[in-house]
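K.L.:
The following comprises the amino acid sequence and a computationally predicted model.
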Amino acid sequence: MPILFARVAVENTAYHFDKAFDYLIPEELLEQAKPGCRVLVPFGAGNAQRLAMILEVSPEKETQNTTKQVVAVLDEAPLLTNEAIQLVFWLKDRYFCTLFEAVKLLLPAGIHYRMKTEYALAKGRPVEKEALSKEESALIEYLAGKLVRLRIFDDEAGVMNLDVVQTGGEILVVSQFTLHASTRKGNRPSYVRAAGPEAAVPLYERFVAVTGKLLGRPVQTGVFGADMQVELVNDGPVTIWIDSKRKEY
């Protein structure tokens, strides 16, 4: 198989440091990684995953530094044409913006609203039910069951009387550690009470699996640990908090 590199624009880079960065495309992603597709890449000393846009695919890289690998390709087809990619560089030079800021100007309208079809949980090890404690498994069964069976959608009379299965709806499950923010002291939120990935990932993956089984179709997901942009239309608005410690059957 050929060795190819993706030259990408990475989100949230400082203007004075901004440029196109080279990432090695792993063999399993060669067919998917095309110019104009969004990808996840490790960035910085901590290798935090960031969203990026492929601007070019080349058998050569511009730098001799150790090259990191693309983690995931997020789009089935390119979102930007070759002409749009050329416009990205023109915008950066003319308006003194970063490459990714230029990319965002050219993305199709509503692309973030379609996030649930563009993102998928990265494939990893299978999560066995036995890997969780009995208490954790029971908690997941309760929360997933409550989510799927909640009668929160309108029937023909306009009354909230139908669940997501009855309406043929879908479910998007996104991990969000910031829900554990503590604002007790000062003005900077603390997230120390949020579970680390070694505990949170198995719980999250198991919840997704159980929810999908009850729903009868795959559950759409975010990318665990990534910086995501999620847009939604809150119909109602209706917001329901399900407390796992105060089960109200």
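P.N.:
Arrived safely. Numbers count the residues shown, from 1 in each chain.
K.L.:
CA atoms for contacts and neighbours, from now on please.
P.N.:
OK.
K.L.:
since we're on G216, how many residues are nearby?
P.N.:
By other C-alpha atoms under 10 Å, the residues close to G216 number 12.
K.L.:
Can you read off the pLDDT for it?
P.N.:
Looking at G216, its pLDDT stands at 92.
K.L.:
just the one 5 residues further on next, same as before
P.N.:
Looking at T221, its pLDDT stands at 82.
K.L.:
Tell me the bridge partners for it.
P.N.:
Residues in a beta bridge with T221, per DSSP bridges, are V173.
K.L.:
distance of it from V8?
P.N.:
The gap separating T221 from V8 is 24 Å, by C-alpha to C-alpha, to the nearest Å.
K.L.:
Repeat that for L147.
P.N.:
Counting by C-alpha to C-alpha - L147 and V8 are separated by 39 Å.
K.L.:
After the helix or strand of the chain with the lowest mean pLDDT, which helix or strand is next? Please name it.
P.N.:
Comparing helices and strands within the chain by mean pLDDT, DSSP states H and E singles out helix 115-118 as the least confident, with a mean of 39. Sequence-wise, the next helix or strand downstream of helix 115-118 (DSSP states H and E) is helix 134-149.
K.L.:
buried sites along that next one?
P.N.:
Residues of helix 134-149 classed as buried under the neighbour-count rule (16 or more other C-alpha atoms under 10 Å) are S137, L139, I140, E141, L143, A144, K146, L147, V148, R149.
K.L.:
Chain neighbours aside, what residue packs nearest to the fifth one?
P.N.:
Pointing back at L143 there. Nearest non-adjacent residue to L143, counting by C-alpha to C-alpha, 6 or more residues apart in numbering: S244, 7.1 Å away.
K.L.:
Secondary structure class of the one you found, three-state.
P.N.:
The local conformation at S244, judged by DSSP: H, G, I helix; E, B strand; the rest coil, is coil.
K.L.:
Wait, it touches G145, no?
P.N.:
No - S244 sits out of contact with G145 when judged by C-alpha atoms under 8 Å, with a separation of 12.0 Å.
K.L.:
Show me what the longest helix along the chain is packed up against.
P.N.:
The longest helix of the chain (DSSP state H) is helix 197-215. Contacts defined by 3 or more C-alpha pairs under 8 Å, 6 or more residues apart in numbering; DSSP states H and E place helix 197-215 against helix 134-149.
K.L.:
Show the average pLDDT along the helix it packs on.
P.N.:
The average of the pLDDT scores along helix 134-149 is 92.
K.L.:
which helices and strands does that helix pack with?
P.N.:
Against helix 134-149 (3+ C-alpha pairs under 8 Å, 6+ apart) you get helix 164-167, helix 197-215.
K.L.:
If we use 7 Å, what do you get?
P.N.:
Applying 3 or more C-alpha pairs under 7 Å, 6 or more residues apart in numbering; DSSP states H and E, we find helix 134-149 packed against helix 197-215.
K.L.:
Mind listing what's buried along the helix it packs on?
P.N.:
Within helix 197-215, judged by 16+ other C-alpha under 10 Å, the buried ones are 201-212, 214-215.
K.L.:
Let me know the angle separating it from helix 134-149.
P.N.:
Per axes from the mean of the first three to the mean of the last three C-alpha atoms, to 10 degrees, the angle that helix 197-215 makes with helix 134-149 is 40 degrees.
K.L.:
got the contact list for the longest strand seen in the chain?
P.N.:
Ordering each strand of the chain by length in residues (DSSP state E) puts strand 48-58 first. Contacts with strand 48-58, where a contact means C-alpha atoms under 7 Å, 6 or more residues apart in numbering, come from 4-11, 34-43, 85, 226-227.
K.L.:
Quick check on the closest residue to K68 other than its chain neighbours: phi, psi?
P.N.:
Nearest in space to K68, with sequence neighbours left out and distances taken as C-alpha to C-alpha, 6+ apart, is Y23 at 5.3 Å. Phi and psi for Y23, reported as degrees, to the nearest 10, are phi -130, psi 140.
K.L.:
Cool, thanks, talk later.
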